[in-house]
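1. Below is the sequence, then the predicted model.
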Amino acid sequence: MTSGPARFALASPENRPLLDVQDVGIAFGGLKAVNGFSLQLPERSLYGLIGPNGAGKTTVFNLLTGVYRPDRGGIRLARHDLTGRKPHEITLAGVARTFQNIRLFGEMSVLDNVRLAAQLRRSVGALSTFFRGPRFHRCEADLRDRALELLDVMELRGDADAPARSLSYGHQRRLEIARALATRPKVLLLDEPAAGMNPQEKQSLAKLIESLPERFELSVLLIDHDMGLVMKVCRKITVLDHGEIIAVGPPDRIQNDPNVIAAYLGEPTPDA
Amino acid sequence: MTAAAPSPVAPVQDESLLRAALKGLVVPLCGVAFAFGVWSLEGRVLDAYDTVTAMNIGVAMMLAVSLNIVNGMTGQFSIGHAGFMALGGYTSGMVTYYGSLLLWGTAARQGGPFGAGEWLFAASCVAGGLVSACAGYVVGLPSLRLRGDYLAIVTLGFGEILRVLLQQTNRVIGSREGLAEAKWRELIPPPVGGAVGFNGLPKYTNLFWVGLFLSLTVIFAVRLKRSAIGRSMIAIREDEIASYSVGVNVTRVKVRSFVIAAFLAGVAGGLYAHRIGVNIEPRDAGFQRSFEYIIMTVLGGKGSVTGSMIAASILTYLPEWLRDFDRYRMIIYASLLIAMMLLRPQGLLGSREIWDFLPWFRKRRGTAR
Amino acid sequence: MADFVQTLETALAVGSLYALIALGYTMVYGILKFINFAHGDVVVLGAWISYTVAQWCLKRLAPADGPPLWLGPVVLACAMTVCGVLGFLIERLAYKPLRRAPRLNVLITAIGVSLLLQNVGQLDAVFGSSPVSMPALLPNPALVRMSFGGPGSSEVVIGLVDATIFVTAGLLMLALETIVYRTRLGAAMRAVSFNAETAALMGINANRIISFTFVTGSVLAAAAGFLYAMKYPGLNQPAHTIWVLLGLKAFVSAVIGGIGNVRGALLGGFVIAFVEQFGAFYISSNYRDVYVFALLIIILLIRPTGILGTPYREKV
Ligand SMILES: Nc1ncnc2c1ncn2[C@@H]1O[C@H](COP(=O)(O)OP(=O)(O)O)[C@@H](O)[C@H]1O
Ligand SMILES: [Mg+2]
């Protein structure tokens, strides 16, 4: 952030991407899980990230959210340099995610899962926690209202008091999205949100994802194995295979790209 | 209760905020009333022996509840809790003992109920808590880098190091003159009695102070659990990676939980050191004692404040019931621990509180709060 | 100089004991990923069984000119057998039902087992709660005398007992190293340790391997207990702090060497013994436990997974 606003004042806001990923890579032992990954995510956009199993998609998310530190490359969000920052700082800067293998706080109530995420920029000290002054109550009431609002959006209001682990699979996925939204992200990373959902649920999920950018003023980066969903929702798609980008472009071009078809050979490629 | 309003999304009215804030103060005042209440039983309903048992239970509850903040709520496994207790006990002992020597020329009790001596004692407990909290900060720091069982070993190492260091301390100095003439080598390491323990502390602890500090501890723990800080703690217990992904500063929360737990244990240590019939010793810092508190928290349920309290009172009262208990005490504890893990790993109450079992309360506490 | 060499010699002897015990901790951690707190108590049991058997034999035989030479190995074999069986039982009864439980629960169970062993051992019907003196099973003549400097200066003595410790511990470690790295069984152990599920898919019976690991670890612990009793004949009662500290230091050895790593356990054992013995001799023996734990904390802060441990990265 020492670079100062002056450098960026030159670039016009339109062509400056919200999230700018340059040539990041990481290796586990000898395996280059992600190699030379770049991505420019414009504001309020819907962007897809696809690839066969083990291609490195989840690893990209882990790099973007600071779970892993990239071996090389840089990540910027608007004016913040996120490279090598701690995960909670990255969330604070405005990147939130869901997990492919659902990671909810199982024992906590559905409401508390969201409320925890909503409390990100509101801190109350230990003393205030003990005395419970008006400030404490106002803060808690705000958090509750905001959490309930999000639960309404995700149609989870009825389960607010149930422990998160008691929800059905599809509900848990939606709760993950609600929780991520509660941190007020500028970029939302969805890791296979439709996995395990039935066609009906998928359809309403697609509608929901499409509405997110305008409603919450954010950009979505979507990973999913359901090609129909990704092709329908996303304006632009990046395809990964063996950690490397093999294609970038709008859905119709991706669908007919010979490299992509080759990469998916052996795996069913719906709609292709 | 306006809090149970049918439409919680509606903005909360300021009036109810004011009421809630008032309630914030009323509950601690009830704690004070409780302290007076139990104190008034002393000598009437409870004879000297019962009083000691009651004080033991109170102190054990404080330790179990505070340990539960680290082990149960935050899910960090600390096996050094007795170390914090002993550190608080020794610190507070030094304050009252040497404070009394300097102020009044004698280490004996000074003044009656709420006399000068008792206020010095109350302050010394808080001082013990603060010193313990500092140690908690230092011990909590490695938790940034260490996962579960490694952290357990570090906390265990802390208790053991403290025990050894306490054994190497100097003799207690008996008089004001002795203190004035003492050379450096008699003061460092501090004169707290070495291996034989800290003799001669004025025995200020009574049911009032135990009741007061206990109720404040419990109120704090319960309120913590239902607050932003408590939620982050429980989230870390449930899933550390998910916690930092929603912006929880995992490091800070973990260290904070250590500091809070250590503070409360330090205060309890002050009460313990000044209890009649107790001579605080280096052994009190050792892991065998820490294990007793771990057993209480495990038995009570992870993160359950009232569960820890129930377990603490059962395990402290059991010896009074079972004759010959002392010989079999550790065997019974150990079997309880194993049986618990095999049959009911979530503990007596799980992570719930006793009032969560009352349907009326559950309804009221729903989404509205 | 003589002091230095003598301290070195003690450190090597103590280090071999730590290493033997540490192996048990490390093998179990490698496979089941939890600290078997009860392992240290198996060592105590080994020592006390050695004492009981030796005492019983000596009473029966009442030899006129000292105990026969074969008695030592027999006592050792008895201790190893009993502890091996015990190790098997502990795993089957206490840990196996918890295979799928959170690791913290297993850790707590292990603490429970440890407390149980200590305190049952201390019952009057078992070993009793007062210290005893281990009978000398070996004469302890000086095998090596080294003197540094002129006459009258102190000399370094290596006795038969210390030599026995080196040889026995060395042989056992060699045997373990061979099993782990040169046999099919060892390969299976390493496979289960690397990834239990994949190993199971490849037809390895994980339960058998786990049992074998516990038995091996307990057998080594028994040997360590026996050797410890030979070197320090004053045996304290089973729940005495000294035993707990012995177990802890061995555990610390395993951790700083890199838990889960067989060679790390050896390295750690010697490192801990050196720090402890040299610190005790050159600084102050009052603080010997402090050196060990201070070293532990320093090493964990620098390398959270120990000297030879591989850095850990949780898969998300
Ligand atoms: N923490 C880790 N340690 C070792 N290998 C990993 C780790 N995380 C991911 N990998 C490997 O990186 C590759 C990419 O994985 P991932 O990003 O999960 O793929 P996907 O595209 O299916 O989400 C896989 O081969 C996986 O085994
Ligand atoms: Mg994936």
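-> Sure, I can see it. Ligands and ions are numbered 1, 2, ... in the order given.
2. okay, now the residue of the stretch 51-200 of chain C found nearest ligand 1: neighbour count?
-> Nearest residue of the stretch 51-200 of chain C to ligand 1: C:Asn195, at 11.6 Å (C-beta to the nearest ligand atom). Using the backbone N, CA and C atoms, a C-beta is placed for each residue, glycine as well. For C:Asn195, the count of nearby residues is 11 (other C-beta atoms under 10 Å in any protein chain shown).
3. The helix or strand hosting B:Tyr272 close to chain C?
-> Element membership for B:Tyr272, per DSSP states H and E: helix B:250-273. No - between helix B:250-273 and chain C, judged by C-beta under 8 Å from any C-beta of the partner chain, nothing touches; the nearest distance is 13.0 Å.
4. what packs against that helix?
-> helix B:48-68, helix B:81-104, helix B:116-140, helix B:207-225, helix B:228-238, helix B:240-245 (3 or more C-beta pairs under 8 Å, 6 or more residues apart in numbering or on different chains; DSSP states H and E).
5. Can you check the pLDDT for the closest residue to B:Met55 other than its chain neighbours?
-> Nearest residue to B:Met55, sequence neighbours excluded (C-beta to C-beta, 6 or more residues apart in numbering or on different chains): B:Val210, at 5.0 Å. pLDDT recorded at B:Val210 is 97.
6. show me the contacts for residue 217.
-> By default, I'm working from chain A. Neighbour list for A:Glu217: A:44, A:186 [criterion: C-beta atoms under 8 Å, 6 or more residues apart in numbering or on different chains].
7. not what I meant, chain B
-> Counted by C-beta under 8 Å, 6+ apart, B:Thr217 has contacts B:61-62, B:65-66, B:264, B:267-268.
8. domains of chain A?
-> A:17-94+A:185-267, A:107-171 (automatic domain parsing).
9. Rebuild these as TSV, extending it with mean pLDDT and distance to ligand 1.
-> Formatted as TSV, those follow (pLDDT from 0 to 100; distance: least, C-beta to the nearest ligand atom, whole Å):
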stretch	mean pLDDT	distance to ligand 1
domain A:17-94+A:185-267	93	3
domain A:107-171	91	19
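10. In chain C, which residue sits nearest chain A?
-> C:Val316 (5.2 Å; C-beta to the nearest C-beta).
11. Surely the residue nearest to B:Met55 and B:Leu271 touch.
-> Yes - B:Val210 is in contact with B:Leu271 according to C-beta atoms under 8 Å; the separation is 5.7 Å.
12. interface residues of the stretch 1-150 of chain B facing chain C?
-> So the stretch 1-150 of chain B meets chain C at B:75, B:77, B:79, B:142, B:145-150 (C-beta under 8 Å from any C-beta).
13. most surrounded residue in those?
-> B:Ile79 (27 neighbours).
14. That one should be in a strand, yeah?
-> No - looking at B:Ile79 with DSSP: H, G, I helix; E, B strand; the rest coil, it is coil, so not inside a strand.
15. who's in contact with it?
-> Taking C-beta under 8 Å, 6+ apart, one finds B:152-153, B:155-156, B:159, B:287, B:290-291, B:294, C:111 in contact with B:Ile79.
16. and B:Gln110, which of the three is it?
-> From three-state DSSP, the assignment for B:Gln110 is coil.
17. Need the phi and psi values for residue 243.
-> No chain in the question, so chain A it is. phi 80, psi -10 (degrees, to the nearest 10).
18. A:Gly48 is in contact with A:Gly228, isn't it?
-> No - A:Gly48 lies out of contact with A:Gly228 (C-beta under 8 Å); the separation is 11.7 Å.
19. Just the buried residues of whichever helix in chain C runs longest, please?
-> Secondary structure assigned by DSSP state H gives helix C:2-32 as the longest helix of chain C. Neighbour-count burial for helix C:2-32 flags C:6-7, C:9-32 (criterion: 16 or more other C-beta atoms under 10 Å in any protein chain shown).
20. same for it, what does it pack against?
-> Judged by 3+ C-beta pairs under 8 Å, 6+ apart, the packing partners of helix C:2-32 are helix C:39-61, strand C:142-147, strand C:155-159, helix C:160-182, helix C:184-194, helix C:206-231, helix C:241-258, helix C:262-282.
21. how deep is the closest residue to chain C within the stretch 151-300 of chain B tucked in, by neighbour count?
-> Here the stretch 151-300 of chain B gets closest to chain C at one residue, B:Gly157, 3.5 Å apart by C-beta to the nearest C-beta. Neighbourhood size, B:Gly157 [other C-beta under 10 Å]: 27.
22. Not counting its neighbours along the chain, what's nearest it?
-> C:Phe293 (3.5 Å).
23. Looking at the one you found now. What's its pLDDT?
-> 87.
24. Kindly report the same for C:Gly30.
-> So, for C:Gly30, pLDDT stands at 86.
25. how many degrees apart are the longest helix of chain C and helix C:160-182 in direction?
-> Taking axes from the mean of the first three to the mean of the last three C-alpha atoms, to 10 degrees, one finds helix C:2-32 and helix C:160-182 inclined to each other by 30 degrees.
26. Could you grab the helix/strand/coil label for the most centrally placed residue in chain A?
-> Note on chain A: the residue nearest the mean C-alpha position is A:Leu189, at 1.3 Å, using C-alpha atoms, centre = their mean. For A:Leu189, the assignment made with three-state DSSP gives strand.
27. That one reaches A:Thr91, doesn't it?
-> No - the pair A:Leu189 / A:Thr91 is not scored as a contact, 10.9 Å apart, by C-beta under 8 Å.
28. Could you report the neighbour count for B:Gln346?
-> B:Gln346 has 16 nearby residues by other C-beta under 10 Å.
29. mind listing what whichever residue of chain B sits closest to chain A touches?
-> Closest approach between chain B and chain A, counting by C-beta to the nearest C-beta: B:Gly24, at 3.3 Å. B:Gly24 is in contact with A:131-133, A:136-137, counting by C-beta under 8 Å, 6+ apart.
30. Please spell out the ChimeraX selection for the buried subset of these.
-> Selection of the buried residues among the contacts of B:Gly24 in ChimeraX, burial being defined by 16+ other C-beta under 10 Å:
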select /A:131,132,133,136,137
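31. so which of the contacts of B:Gly24 would you say is closest to B:Ser92?
-> A:Phe131 (24.2 Å; C-beta to C-beta).
32. is it true that B:Met309 touches B:Val218?
-> Yes - assessed by C-beta under 8 Å, B:Met309 is found in contact with B:Val218 at 7.0 Å.
33. what about A:Ser38, which SS state?
-> A:Ser38 ends up strand, using three-state DSSP.
34. can you pull the buried residues of the host helix or strand of B:Ser40?
-> In the assignment (DSSP H and E), B:Ser40 maps to helix B:14-41. Buried residues in helix B:14-41, counted by 16+ other C-beta under 10 Å: B:17, B:19-21, B:24, B:28, B:31, B:34-35, B:38-39.
35. What distance do you get for A:Leu167 to A:Ala160?
-> 11 Å (C-beta to C-beta, to the nearest Å).
36. Can you check which residues contact both of the two?
-> A:Val110.
37. Return the residues of the stretch 201-350 of chain B in contact with chain C.
-> B:241, B:286-288, B:291, B:294, B:298, B:327-328, B:330-331, B:333-338, B:341-342, B:345.
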